[in-house]
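In: Quick one, fold the following:
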Amino acid sequence: MTDEPTYEARIAALEAKIAALEGAAGDRGLHGAFSWKDWFEKYGLIVAWIAIILILGAFKPAQMFAWNSYASMLGSNAMVVVLTLALIIPLTTGDFDLSVAATMGLSSMIIAVLNVQMDYSIGAAVIMALCAGALVGAVNAFFILYFRVFSLIVTLGTGYFVAGLILWVSDSGTVAGVSMDLVRAVILTRVFGIPVGFYYALILTAVIWYLFQHTSLGRRMLFVGRGREVARLSGVDVTRVRAGALIASSVMAAFAGVLYTGMRGVADPSSALAFLLPAFAAAFLGSTAIYPGRFNAIGAFVAVYFLSTGIMGLNFLGVDSFVQNLFYGGGLVVAVAISQLIRGRREMM
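Out: Presented below is the predicted three-dimensional model:
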């Protein structure tokens, strides 16, 4: 007979352990009176989002309370949502991926070069871009898992390598004239006044939320991130889970590049790199909300638009552009600090 029942028994035990961990951390308010502290931990970011709208709206009501402002913001930040979701997948398994922004830029440039300069159809160019993202993720996984190199180092190096590759492919220039079919599919088509790219990000958020909350794969990813050796001893193929997370991250970053290209109709060799800090800030800020203490899709979604609302309001106030860096950089540091407090100041992997 095979050892399949033994494996299934280990997985069942693993599920029980995860349920016990989450029960101890997340169900404090179920066995007593309603706790405002627990409620604010979950939904404080949403409250802060509403507060920042009201505060900035007191100074610029015509802009901050106009639907068109938010419709434009929701659509223009869709690729940041996707990039943040790409980040939280390996972060959940305990790995950092600093190459996501470069992968996004590579995807954008591949689409532009293939479609504009080599006369590929836009559909074929998008597929090739997604395949390139999968390749970047596979390279990251190989060096991280085979050579056991810290993910921060590998993905930092990969990101710089990909950035150099983008400069080579583009001859250090902007490539314009991407098919209007892609532009229509991302930004020109609107539903309730919001570009359809926002709905792609919304659907992807729902998919990642379901994966993390309602599938055994999502729970195994969480368990790997909390303790790789314990997960391995419980029967989880840790290497496969981590490799899959890294590849999925790069494919999603490539999809963010598709949205970025569709938004602009052009590709340039460097602008995508600027989105790495906002994505990290949103990922860690999102981990302080909805499901405090762990990276989650809904929290990331809310965090992206909380930060972008703040930036939008500051722009309406005429604040200098350098404040964006202060806002995102400060937001990242504060978010990491709050996340660590919620996690009980456990050492980050």
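In: all contacts plus neighbour counts: C-alpha atoms, from now on.
Out: Noted.
In: Can you identify each of the strands in the chain by residue range?
Out: Under the criterion DSSP state E, the chain contains strands at 175-176, 190-191, 194-195, 266-267.
In: which of those sits most buried?
Out: Ranked by mean neighbour count, those are led by strand 266-267 with a mean of 24 (mean count of other Cα atoms under 10 Å).
In: Please point out which parts of stretch 225-245 sit buried.
Out: Neighbour-count burial for stretch 225-245, counted by 16 or more other Cα atoms under 10 Å, picks out 225-226, 228, 231, 234-236, 238-239, 241-245.
In: Also stretch 158-169?
Out: Neighbour counts using 16+ other Cα under 10 Å place 158, 159, 162, 163, 164, 165, 166, 167 of stretch 158-169 among the buried residues.
In: what's the answer for stretch 134-149, then?
Out: Of all the residues in stretch 134-149, those buried under the rule 16+ other Cα under 10 Å are 134, 136, 137, 138, 139, 140, 141, 142, 143, 144, 145.
In: if I look at the fifth one, how far off is residue 130?
Out: Which is residue 139. 14 Å (Cα to Cα, to the nearest Å).
In: returning to what we had before: quick one: the strands of the chain as JSON lines, columns for distance to residue 106 and mean pLDDT too.
Out: Below are the strands of the chain laid out as JSON lines (distance: least, Cα to Cα, whole Å; pLDDT from 0 to 100):
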{"stretch": "strand 175-176", "distance to residue 106": "12", "mean pLDDT": "96"}
{"stretch": "strand 190-191", "distance to residue 106": "27", "mean pLDDT": "96"}
{"stretch": "strand 194-195", "distance to residue 106": "23", "mean pLDDT": "97"}
{"stretch": "strand 266-267", "distance to residue 106": "9", "mean pLDDT": "96"}
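In: now those strands in JSON lines, with distance to residue 302?
Out: Formatted as JSON lines, the strands of the chain follow (distance: least, Cα to Cα, whole Å):
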{"stretch": "strand 175-176", "distance to residue 302": "32"}
{"stretch": "strand 190-191", "distance to residue 302": "20"}
{"stretch": "strand 194-195", "distance to residue 302": "17"}
{"stretch": "strand 266-267", "distance to residue 302": "28"}
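In: Nearest residue to residue 94 in space, please, no chain neighbours.
Out: Nearest non-adjacent residue to residue 94, counting by Cα to Cα, 6 or more residues apart in numbering: residue 225, 4.4 Å away.
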